[in-house]
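Asker: dropping a prediction and its sequence here:
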Amino acid sequence: MALSTLENVQGWFTLIFVVISVILGIVISLKYFSTKNKQMILIGLTWIGLVSPYFADTISFIVINFFGGSALPDVPYFFLSNFFLPFVHITWLYFIADFLYKEHKKSIIIIVLIESIAFEIIFLYLLIFDPSTLGTRVSTFYVNWELIVLLYLLLSIALFLITGILFSRVCFKSTSKEINLKGYILIIAYLSFTVGVSLDVIFSPPLQTELTLAISRIILTTAAIEFYLGFTMPMWLKNMLLKK
């Protein structure tokens, strides 16, 4: 199966973004062993889950470009693009609740679990019995998603952005310069991720071009790096930005 120039650009940039994101997500999670901070696992899994809608494109591109196969069929493509998002709601809001809203943590987790389980049940039912109600495949790497999927995607992005900004605001109020710096880096990461995903939505076919795809994926990749730096704060970065 031959890919067009546009599809090759999309495939390569998406592959790079996903590989970097998954590696950084794993590295963040592994920080648990050196810090004994369980929240690092939640943060790392959250980022991996956030990029999961791009897994299907990445796998399709690898199969086509390196093994001469075909793109993923609709059912596994739809599954990979949507199934893991509810887990992001759980891991991220557990972290946020534990950090910002300890007194309401139990209630928040219960609400998120109900919402996540409800979506998964509806999603899997429709995926098994009538995948066309979830979306229509337009090309190798593009789907016209139906309202139920679009609303959940928008909810996920809004949830990550709003709660992320709230988290950063708390960092800004700290008397620690290091925590202040974390807040600034993370708010840039949240905004970068939102802008990158928004460009994907705005510049969908037929407005999609090699340039818009490259810009979107570059912004998303920088968001992954910013997210990593904000939560791990490597010594070299502290030394560079927090000089007395």
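Answerer: Received, thanks.
Asker: which secondary element of the protein has the worst mean pLDDT?
Answerer: Least confident helix or strand, the chain: helix 235-241 with a mean of 84, by mean pLDDT, DSSP states H and E.
Asker: which phi and psi does residue 135 have?
Answerer: phi 170, psi 170 (degrees, to the nearest 10).
Asker: low-confidence ranges, the chain, go.
Answerer: 244 (pLDDT under 70).
Asker: rerun at 50
Answerer: Nowhere does the chain drop to pLDDT under 50.
Asker: now do the same contact list for the residue nearest to the spatial centre of the chain.
Answerer: Nearest residue to the geometric centre of the chain (CA atoms, centre = their mean): residue 50, 2.0 Å. Neighbouring residues of residue 50 by CB atoms under 8 Å, 6 or more residues apart in numbering: 21, 88, 156, 160, 193. Heads up, the C-betas are built off the backbone N, CA and C, glycines and all.
Asker: how about residue 61?
Answerer: Applying CB under 8 Å, 6+ apart, the residues near residue 61 are 3, 10-12, 14-15, 141.
Asker: quick one on the thing from earlier: for the least confident helix or strand of the chain, packing partners?
Answerer: In terms of contacts (3 or more CB pairs under 8 Å, 6 or more residues apart in numbering; DSSP states H and E), helix 235-241 is packed against helix 177-202.
Asker: for the helix it packs on, packing partners?
Answerer: Helix 177-202 packs on helix 147-172, helix 210-232, helix 235-241, going by 3+ CB pairs under 8 Å, 6+ apart.
Asker: out of those helices, deepest packed?
Answerer: helix 210-232 (a mean of 20; mean count of other CB atoms under 10 Å).
Asker: rewinding a little: of the contacts of residue 61, select the buried ones using a PyMOL command.
Answerer: Command for PyMOL that selects the buried part of the contacts of residue 61, burial taken from 16 or more other CB atoms under 10 Å:
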select buried, resi 3+10+11+12+14+15+141
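Asker: let's have the contacts of residue 61 in CSV, adding secondary structure and distance to residue 61.
Answerer: Formatted as CSV, the contacts of residue 61 follow (DSSP: H, G, I helix; E, B strand; the rest coil; distance: CB to CB, whole Å):
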residue, secondary structure, distance to residue 61
3, coil, 8
10, helix, 8
11, helix, 3
12, helix, 8
14, helix, 7
15, helix, 6
141, coil, 8
